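Participant: With the sequence up front, the predicted model follows.
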Amino acid sequence: MAEKELHIYNTLTRKKERFEPLNPPFVGMYVCGPTVYGDAHLGHAKSYVSFDVVLRYLRYLEYKVKYVQNITDVGHLVGDGDEGEDKMAKKARIEQIDPMQVAEQYTFTYFRDMDALNVLRPDIAPRATGHIPEQIAMIKTLIERGHAYNADGNVYFDVASDPNYGKLSGRNLEEAESGTRVDVASDKKNAADFALWKKADDEHLMKWDSPWGVGYPGWHIECSAMSTKYLGQSFDIHGGGLENQFPHHECEIAQSECAHDAQFVKYWMHNNMVTLEGQKMGKSLGNAINLHEFFTGDHKLLTRAWSPEVIRFFLLQSHYRSTTDFSEDALEAAETGLKNLHSIVSAIEKSTAGKGEAYPIDNFINDFEAVMNDDFNSAQGIAVVFEHGKEIRKQITKGSVPANIEEVKSAFKKVVDEVLGIWPTNSGGDSNLTGGLVELLIEIRKDARSNKDFALSDKIRDDLKALGVQLKDGKDGTTYDLD
RNA sequence: GGCGACAUGGCCGAGUGGCUAGGCAGAGGUCUGCAAAACCUCGUACGGCGGUUCGAAUCCGCCUGUCGCCUCCA
């Protein structure tokens, strides 16, 4: 389907909808960020690479996007036996440091790994602990409006007061209760009520004063408070992992819409999960491979290192709403494919002074936009790049560089670099020392070959190959690719 | 138990009521001093059983299988 307008699959309506921002050309976009108590893993990569392409494509379409992604640095309750101990505190106890050190350390590694994946930084990365007053204010409003109640220092959202509760996840309260595996806290009016503020005991490390006593905020309220602060009571896009649809996003909607009388978010987007041998990869399952371990190869399930570029390309080859099943075989195929793509890009980049037939570059742009307009189909976007790229390279190899080669270059730069973010990082060898040296060796090899000194010419070829420089003999001389 | 996804050629992975996805791997060929690269050609896939239709892998039903959410998690 060739879409001229951007369409987004909206989890709220379970349909693809034409994208119409609330205040064009401005777009407010919020994506749930990480809880910083451990290194980012492949699952984080899938989510943030997916939304990175959403962001980049919106900017490509010339929307003025304000992109907010929170950092959750308040711990929430762990699921196992450590009743009442939160993640940040647990990690801090294990490592014998202050919880804020834990947060700071993993915030650093999070951005380090995302930078490596070429994920653009959010415009604003607000921290939950930096927005306690905003969260308290919102809770007060909810109490005043009769949507929340204080039970001896624990403040709960009163789910029964919100007739729309469940509209995102398609649940109703009766069903949620009958099958629940959660022990119901005794001070709740309703099993589905969720905490806005929790009372802290003496041992609790992260706690703040509030109108309801010393405590700490519930998990969901930070996203409502911070998105409202930076994007307003209503904004365009809210993204996150599918597993957050319920309860997290459902609760965000309830809190925000009951506090503000305005539609919270227009388009809800959820990325699917990464699986490892068919099983969900997650921190709590202990089968998550950290991104840093991928980059270094230092993990018992990995046979070698995998570059961030390959990880990004691998992820973009599937749709964000499909699960991505990880295997090293699949990564290896992606690696070879990416290398080929880079070879195509570099053949185009190196071409100048086109005198051949002009390439219909509008077709490339139209094809690319058509698939991206269909809910950001990066997998098809990559296919479009291959199809047109190979066609153009064919012309170039035949010695008929398109007359509009500069236009071709800028189109590829926009699509492959600006939107997809998979531009070769080390391709521009022509003007630097490496490029000069390789060209020199190519000259020497050429002479050796005309003298039939194949021992020398093969040595040059093989040794360069070992250094990651691939020579390619063509009709009009020899070119090269860097690994 | 409730809710929801998905099952595509050797592998990964898009998509669609009739027309080529793409990548990886593989086969043959052109080129080459030999290779590599590039280029040309090739596989005619869509879980099973019914149904709707002129026509379904694409729509409907049932079945089987896998997975996710219902609890912190991207």
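Facilitator: Happy to help now that I have it.
Participant: which residues touch the closest residue to A:P217 other than its chain neighbours?
Facilitator: Nearest residue to A:P217, sequence neighbours excluded (Cβ to Cβ, 6 or more residues apart in numbering): A:Q135, at 4.7 Å. In this view, the C-beta of every residue, glycine as well, is placed from N, C-alpha and C. With contact set as Cβ atoms under 8 Å, 6 or more residues apart in numbering, A:Q135 has these partners: A:128, A:217, A:221-222, A:225.
Participant: got it, and A:A45?
Facilitator: Contacts of A:A45 (Cβ under 8 Å, 6+ apart): A:113, A:117, A:274, A:291, A:311-312, A:315.
Participant: One more: A:K207?
Facilitator: A:200, A:214-216.
Participant: Can you lay out those as JSON lines showing neighbour count?
Facilitator: Shown next, in JSON lines, are those (neighbours: other Cβ atoms under 10 Å):
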{"residue": "A:A200", "neighbour count": "19"}
{"residue": "A:V214", "neighbour count": "14"}
{"residue": "A:G215", "neighbour count": "22"}
{"residue": "A:Y216", "neighbour count": "24"}
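Participant: so A:Y359, which of the three states?
Facilitator: coil (DSSP: H, G, I helix; E, B strand; the rest coil).
Participant: I figured A:H270 hits A:T11, correct?
Facilitator: Yes - proximity of A:H270 to A:T11 meets the contact threshold set by Cβ atoms under 8 Å, at 5.2 Å.
Participant: Show me the common contact partners of the two, please.
Facilitator: Joint contacts of A:H270 and A:T11 (Cβ under 8 Å, 6+ apart) are A:Q245.
Participant: picking that back up, hmm, which two among the contacts of A:A45 are most spread apart?
Facilitator: Spatial extent of the contacts of A:A45 (Cβ to Cβ) is set by the pair A:D113 and A:V274 at 14.6 Å.
Participant: Which ones among the contacts of A:Q135 lie within strands?
Facilitator: Cross-referencing the contacts of A:Q135 against strands under DSSP state E gives A:P217.
Participant: Out of the contacts of A:A45, show me where the pLDDT dips lowest.
Facilitator: The member of the contacts of A:A45 with the lowest pLDDT is A:V274, and it reads 89.
Participant: and it, how many neighbours does it have?
Facilitator: Number of residues near A:V274 (other Cβ atoms under 10 Å) recorded here: 24.
Participant: Now do the helix or strand where the residue nearest to A:P217 lies: distance to the chain's middle.
Facilitator: Using DSSP states H and E, A:Q135 sits in helix A:132-144. Centroid displacement of helix A:132-144 relative to its chain, using Cα atoms, centre = their mean, to the nearest Å, is 31 Å.
Participant: which stretches of the stretch 101-250 of chain A have low pLDDT?
Facilitator: Applying pLDDT under 70 to the stretch 101-250 of chain A flags residues A:172-186.
Participant: What segments of it are strands?
Facilitator: Applying DSSP state E, counting those that start in this stretch to the stretch 101-250 of chain A gives strands spanning A:148-151, A:154-157, A:194-199, A:215-217, A:235-241.
Participant: cool, and the stretch 351-483 of chain A?
Facilitator: Counting by DSSP E, counting those that start in this stretch, the strands of the stretch 351-483 of chain A are A:469-474, A:477-482.
Participant: out of these, which comes closest to A:R171?
Facilitator: Comparing the strands of the stretch 351-483 of chain A by Cβ to Cβ, strand A:477-482 comes nearest, at 53.1 Å.
Participant: Where does the prediction get shaky in the stretch 251-400 of chain A?
Facilitator: A:284-285.
Participant: Find the closest residue to RNA strand B in it.
Facilitator: Using Cβ to the nearest atom of the strand, the closest approach of the stretch 251-400 of chain A to RNA strand B is made by A:G337 at 2.3 Å.
Participant: Would you verify that that residue is located in a helix?
Facilitator: Yes - per three-state DSSP, A:G337 lies within a helix segment.
Participant: Closest one of the contacts of A:Q135 to RNA strand B?
Facilitator: A:E222 (9.8 Å).
Participant: Around that closest one, how many other residues sit close by?
Facilitator: Neighbour count of A:E222, defined by other Cβ under 10 Å: 27.
Participant: circling back to that earlier point, looking at the contacts of A:Q135, spot the one nearest A:S169.
Facilitator: A:I221 (18.2 Å).
Participant: ok, A:L471 to RNA strand B distance?
Facilitator: Using Cβ to the nearest atom of the strand, to the nearest Å, A:L471 is found at 6 Å from RNA strand B.
Participant: which ones are touching that residue?
Facilitator: A:L471 sits in contact with A:442, A:445, A:460-461, A:464-465, A:478-480, where contact means Cβ under 8 Å, 6+ apart.
Participant: let's go with 7 Å and repeat that
Facilitator: By Cβ atoms under 7 Å, 6 or more residues apart in numbering, A:L471 lies in contact with A:442, A:461, A:464, A:478, A:480.
Participant: burial count for the residue nearest to the fourth one when sequence neighbours are not counted?
Facilitator: This means A:T478. Among residues not flanking A:T478 along the chain, A:I442 sits closest, at 4.9 Å (Cβ to Cβ, 6+ apart). By the criterion of other Cβ under 10 Å, A:I442 has 19 neighbours.
Participant: pretty sure A:I442 is touching A:T479, no?
Facilitator: No - the criterion here is Cβ atoms under 7 Å, and A:I442 misses it with A:T479 at 8.5 Å.
Participant: Quick check: can you list the domain ranges of chain A?
Facilitator: Using automatic domain parsing, the domains assigned to chain A come out as A:8-147+A:159-169+A:220-275, A:351-427, A:433-482.
Participant: which of the ones you listed is buried the deepest?
Facilitator: Highest mean neighbour count among the domains of chain A (mean count of other Cβ atoms under 10 Å): domain A:8-147+A:159-169+A:220-275, with a mean of 19.
Participant: That domain spans what distance, first to last residue?
Facilitator: 24 Å (Cα to Cα, to the nearest Å).
Participant: hmm, back to that, closest one to A:T324 among the domains of chain A?
Facilitator: Across those, closest to A:T324 is domain A:8-147+A:159-169+A:220-275 (Cβ to Cβ), at 5.0 Å.
Participant: before we move on, back to that, can you tell me which of the strands of the stretch 101-250 of chain A comes nearest to A:A353?
Facilitator: strand A:235-241 (43.9 Å).
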